[in-house]
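Engineer: Model the following, please.
(chains A, B and C)
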Amino acid sequence: MKTNAGLFFEDYCVGQVIDHAVPRTVGGGERALYHALYPARHALYSSDSFAQSCGLPQSPLDDLIAFHVVFGKTVPDISLNAVANLGYAEARWLRPVYPGDTLRARSTVIGLKQNSSGKTGVVWVRSEGFNQADEMVISFVRWVMVRKRDEAAPAPQTVVPELEKAVLASELIVPDGLSFAGYDTGLAGSSYLYSDYNIGEVIDHVDGVTLSEAEHMMATRLWQNTAKVHFDATARPDGARLIYGGHVISMARALSFNGLGNVQMLAAINGGAHANPCFAGDTLRAWSEVLDKAETRDPSVGALRLRLVAQKGSTPHLRGDDGKYHSNVLLDLDYWAFIPR
Amino acid sequence: MKTNAGLFFEDYCVGQVIDHAVPRTVGGGERALYHALYPARHALYSSDSFAQSCGLPQSPLDDLIAFHVVFGKTVPDISLNAVANLGYAEARWLRPVYPGDTLRARSTVIGLKQNSSGKTGVVWVRSEGFNQADEMVISFVRWVMVRKRDEAAPAPQTVVPELEKAVLASELIVPDGLSFAGYDTGLAGSSYLYSDYNIGEVIDHVDGVTLSEAEHMMATRLWQNTAKVHFDATARPDGARLIYGGHVISMARALSFNGLGNVQMLAAINGGAHANPCFAGDTLRAWSEVLDKAETRDPSVGALRLRLVAQKGSTPHLRGDDGKYHSNVLLDLDYWAFIPR
Amino acid sequence: MKTNAGLFFEDYCVGQVIDHAVPRTVGGGERALYHALYPARHALYSSDSFAQSCGLPQSPLDDLIAFHVVFGKTVPDISLNAVANLGYAEARWLRPVYPGDTLRARSTVIGLKQNSSGKTGVVWVRSEGFNQADEMVISFVRWVMVRKRDEAAPAPQTVVPELEKAVLASELIVPDGLSFAGYDTGLAGSSYLYSDYNIGEVIDHVDGVTLSEAEHMMATRLWQNTAKVHFDATARPDGARLIYGGHVISMARALSFNGLGNVQMLAAINGGAHANPCFAGDTLRAWSEVLDKAETRDPSVGALRLRLVAQKGSTPHLRGDDGKYHSNVLLDLDYWAFIPR
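Structural biologist: Residues are numbered from 1 along each chain as shown, chains lettered A, B, ... in the order given. Purely as a prediction, here's the structure:
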């Protein structure tokens, strides 16, 4: 068998380091496709001159491009035999990615726990992305439920990593040079800054987007994520293709421009759940809640901690009495981002 | 409400200047997507070496990219609450846009007229696009019917701008350096030049393209045009998504290569109507009529005034006895363009 | 008639040279779209730094981009009135194509044979692509069945070119500078090298991709291939749009990464058949067979001759007792490619 069968639960051990294959150079073509696939309008990622007015050398690629590329590279080694993506934690963006950068990815196994069924186990990995100068650009933890190859294989010692419930504001990295001191709210498209947002405030992002098969497949392929459930309509009895969860994240983040137009740079993901599967034909809407606020080392740059929820149709409540997400909820993401003060 | 509710009729006053948000750097990625979305084949926009043989430093981005980007930027301020796009006039391309240019847009209100119903009014704006050197690249007038927020609000003084029925040939701008003196018709793909076209001549562009949801949404997003009717299948009772009129313009212009292969550069739009709505599944065809011819300041460059009509199915006539467009007509565009003499 | 009616069988003569229209500059935008449209993962075409570690100045564009661009340019002159694409032979890649290169195409008629019906004939052409330095980048022979304009026109003298059944291994061109001496199989994503593959070995590439209308139309347009059967749903009674055969080639080649991850560069196509038409909704799968192996002038570079078959559904056999391809077979391609030794 020269094809990649992926790793099974018993193939992982705590401390194991996996260098993922296929480094990827990203550039203006990836940016243009990102703008074609998502209604992204944050000025810092749209205009070189706006980015330069914020102290950066040019407009970086959308922060989620770095996330998707690194995530995509981990798929063949981490989630090819995954039953479910269970969660994210401690994601931090450490350095912007610019056109021409070449990204590679590496994961370290930081936790293992066999399920009581004996058929599957949970694998925790910390995945890191590096540019061509070997500088880390992103780091995140995710955990997935993975099948065992052999149910009779012995269970490993259980190691459950201790993960921060949220990245500490003091650990957010303001990119070198970034300053919002000369920020132009007119060009940015929103007049609401750090001090205008209050903890507990909820913002409905209003607009809806009906998803199509061609678009989610192109988006997923662009990040070299080859998980077959996204592409092969014969993989499920109902003929549906499961939409990559990252597509939902990018769509919801882009829609959040309408209400959060100055929330320019992603700084961290504290946690996230893909609450329900998403399919072509679903009309995605999003709303946000302000969870926390913090200052940073730069007096012009504030940080907002936001909950971003994507859903289809209406949801009287996020979760039912049983604690489970309403079936219309697609994404519940908790993140930090930078906004001018 | 931190989301953009858009402007209503009573929010506009004549002389008002609106600087639109989100400047945009465009490049080779946008060009590649333009070629993927439209069957564009004009050599000047396809090949650096061909453009250089015409005296330009490199291949500019398709002229309609400049139009779409500037149009898209005006949407949040001009047409978010529009009932209808009523018309275009006096559009002129003033300078080519090259990969790496950053475009921003500004509109000036030049006319206002409340409708007799008291519920809506017509707003005329002149929209202008600028590059990163603050050079104007495009200027056009459009007028839209906009809802009032409060029907009881007093009507403004009526100001109806005087608009040219057509841009004068003497006002067309031949880009600096452009010369068709060494033009290669073999590489361009057509042997028909300025003198081969006669006023009144009609050209059927033959080919048809069946439109898809994914393509028109990607095209519209690429210009950061976020008008929800193009993306949200729940916005209309019939579940259809209205296709952005500019998608029809670009598709028809690209199809017109077959018969007008040397009509390289757009110079002006004299007027235009989106005669009927267009939806995915429609098969678009186009034909052109030569309306006028003119010389320019450069002896190698002629100008043709053309009517470009896009339609689905067949139309025995453009308009019925009632003066209304046949229901199959999608676009009726009157423009000037440059062709070698 | 100023539109292109294409050439008919009686318009061709042996020795005729046709310079095709519309040179095309290709770059990072075309690469990004290639990655969005196909699950391409070969590291040499994904990463500048990987390509540099193999002795190239930067990551070239996928070899099939060169093929598609040149093929697309030949369509208006060679296959606009074609009834069928009958075959390929003697295709060789002679030089990598890099971002910024401008490609043009030329064809020479090398064979003619009128069919016994008197209504059509077979035209053989050798098509060549050149970059902006007039260096040949690709050369291939294809033959098509073309309609006669006038069935009464006399038959030309029959000339059937002698074509190699396969390109000789000694005629494969290893690009200047290419060396796999420092090849990193970890980054490439596969540990199987030249010596691991045996003649006769068959590899199932496992993954399936369900095709969509929007994607195949975008892919085909991107190469400026304007054959109307790919775009116009009214062109056939059943409303189906025929998928460009090159789309199937690119999809199958990209899927072959899973099992042939180190088969980096295409060197030649020995022959190929589009066995059956392909339509949106088909789920494409691929398998390969190792047909031959050869050394090259560079001790680090080996060549594999591979058969690449794309199919939908299952096929108990490639061909039936009547010698015809099973109706599920879409592509049967015989090619040479370079792999590290």
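
Engineer: For the rest of this, base every contact and every neighbour count on C-alpha atoms.
Structural biologist: Noted.

Engineer: residue ranges of the strands in the stretch 151-300 of chain A, please?
Structural biologist: Counting by DSSP state E, counting those that start in this stretch, the stretch 151-300 of chain A forms strands over residues A:202-204, A:209-210, A:265-273, A:283-295, given from the N-terminal end onward.

Engineer: partners of the shortest one in the sheet?
Structural biologist: When you say that, I think you mean strand A:209-210. Taking DSSP bridges as the criterion, strand A:209-210 pairs within the sheet with strand A:283-295 (antiparallel).

Engineer: The helix or strand following the partner strand vs strand A:283-295, what angle?
Structural biologist: In the C-terminal direction, the helix or strand that comes right after strand A:283-295 (DSSP states H and E) is strand A:301-312. In terms of direction (axes from the mean of the first three to the mean of the last three Cα atoms, to 10 degrees), strand A:301-312 departs from strand A:283-295 by 160 degrees.

Engineer: any low-confidence regions in the stretch 1-150 of chain A?
Structural biologist: Under the criterion of pLDDT under 70, none of the stretch 1-150 of chain A is flagged as low confidence.

Engineer: Check whether the biggest helix by length in chain A comes near chain C.
Structural biologist: If each helix of chain A is counted by residues according to DSSP state H, the longest one is helix A:63-78. No - with Cα under 8 Å from any Cα of the partner chain as the criterion, chain C is not reached by helix A:63-78; the gap is at least 9.3 Å.

Engineer: Could you name the helices and strands sitting against that helix?
Structural biologist: Taking 3 or more Cα pairs under 8 Å, 6 or more residues apart in numbering or on different chains; DSSP states H and E as contact, the helices and strands that helix A:63-78 lies on are strand A:102-114, strand A:120-130, strand A:136-147.

Engineer: Now find how far off-centre that helix is within its chain.
Structural biologist: Its chain's C-alpha centre and that of helix A:63-78 lie 9 Å apart, by Cα atoms, centre = their mean, to the nearest Å.

Engineer: Quick one: name whatever helix or strand follows that helix.
Structural biologist: Remark: after helix A:63-78, the chain's next helix or strand is strand A:82-93, criterion DSSP H and E.

Engineer: Now render the strands of the stretch 151-300 of chain A as TSV, adding distance to B:Gly118 and mean pLDDT.
Structural biologist: TSV is the format used below for these (distance: least, Cα to Cα, whole Å; pLDDT from 0 to 100):
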stretch	distance to B:Gly118	mean pLDDT
strand A:202-204	30	97
strand A:209-210	32	97
strand A:265-273	44	97
strand A:283-295	33	98
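
Engineer: What is the burial count for the closest residue to A:Ala219 other than its chain neighbours?
Structural biologist: Spatially, and ignoring its direct neighbours in sequence, A:Ala219 is nearest to C:Ala36 (6.4 Å; Cα to Cα, 6 or more residues apart in numbering or on different chains). Applying other Cα atoms under 10 Å in any protein chain shown, we find 25 other residues in the vicinity of C:Ala36.

Engineer: I figured C:Ala36 was touching A:Ala214, is that so?
Structural biologist: No - C:Ala36 lies out of contact with A:Ala214 (Cα atoms under 8 Å); the separation is 10.0 Å.

Engineer: May I have the beta-bridge partners of A:Leu304?
Structural biologist: Here A:Leu304 sits in beta bridges with A:Lys293, A:Ala337, going by DSSP bridges.

Engineer: show me the contacts for it.
Structural biologist: Residues touching A:Leu304, when contacts are defined by Cα atoms under 8 Å, 6 or more residues apart in numbering or on different chains, comprise A:194, A:263, A:290-294, A:336-339.

Engineer: ok, so of these, who is nearest A:Leu178?
Structural biologist: A:Phe338 (10.3 Å; Cα to Cα).

Engineer: Quickly note the distance from the residue lying closest to A:Tyr98 once chain neighbours are set aside to B:Val97.
Structural biologist: Counting by Cα to Cα, 6+ apart, A:Tyr98 lies nearest to A:Pro60, which is 4.6 Å off, once chain neighbours are set aside. A:Pro60 sits 21 Å away from B:Val97, going by Cα to Cα, to the nearest Å.

Engineer: now A:Ile65
Structural biologist: When Cα to Cα is the yardstick, A:Ile65 and B:Val97 sit 26 Å from each other.

Engineer: Excluding chain neighbours, give the residue nearest to A:Leu333 in space.
Structural biologist: Beyond its immediate neighbours in the sequence, the residue positioned closest to A:Leu333 (Cα to Cα, 6+ apart) is A:Gly272, lying 4.2 Å away.

Engineer: Is it correct that that neighbour is in contact with A:Asp334?
Structural biologist: Yes - A:Gly272 is in contact with A:Asp334 according to Cα under 8 Å; the separation is 5.9 Å.

Engineer: neighbour-wise, which of those two wins?
Structural biologist: In this view A:Gly272 and A:Asp334 are compared by other Cα under 10 Å, and A:Asp334 has more residues nearby, 24 against 20.

Engineer: Just the residues contacting the strand or helix carrying that one, thanks.
Structural biologist: Take DSSP H and E as the rule and A:Asp334 turns out to sit in strand A:329-340. For strand A:329-340, the surrounding residues in contact (Cα under 8 Å, 6+ apart) are A:180-181, A:183, A:193-194, A:248-249, A:262-278, A:300-312, A:315, A:318.

Engineer: Same question for stretch A:110-128.
Structural biologist: Contacts of stretch A:110-128 with the rest of the structure, by Cα under 8 Å, 6+ apart, involve A:9, A:12-15, A:70-71, A:74, A:105-109, A:136-148, A:151-152, A:155-161.

Engineer: do stretch A:44-52 as well
Structural biologist: Identification of contacts with stretch A:44-52 by Cα under 8 Å, 6+ apart yields A:43, A:54, A:57-62, A:264, B:22-25, B:102, B:132.

Engineer: re the thing from before, JSON lines please, covering the strands of the stretch 151-300 of chain A and showing distance to B:Leu86.
Structural biologist: Supplementary listing: the strands of the stretch 151-300 of chain A in JSON lines, determined by distance: least, Cα to Cα, whole Å:
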{"stretch": "strand A:202-204", "distance to B:Leu86": "31"}
{"stretch": "strand A:209-210", "distance to B:Leu86": "26"}
{"stretch": "strand A:265-273", "distance to B:Leu86": "38"}
{"stretch": "strand A:283-295", "distance to B:Leu86": "29"}
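
Engineer: Go through the ones you listed and name the closest to C:Asn225.
Structural biologist: Within the strands of the stretch 151-300 of chain A, the stretch nearest C:Asn225 is strand A:209-210; the backing value is 29.7 Å (Cα to Cα).

Engineer: Return the distance of the closest one from the chain's centre.
Structural biologist: Here the centre of mass of C-alpha atoms in strand A:209-210, compared against the chain's by Cα atoms, centre = their mean, lies 20 Å away.

Engineer: same thing with stretch A:117-137?
Structural biologist: 13 Å.

Engineer: same thing with stretch A:159-177?
Structural biologist: Relative to its chain's centre, stretch A:159-177 lies at 15 Å (Cα atoms, centre = their mean).
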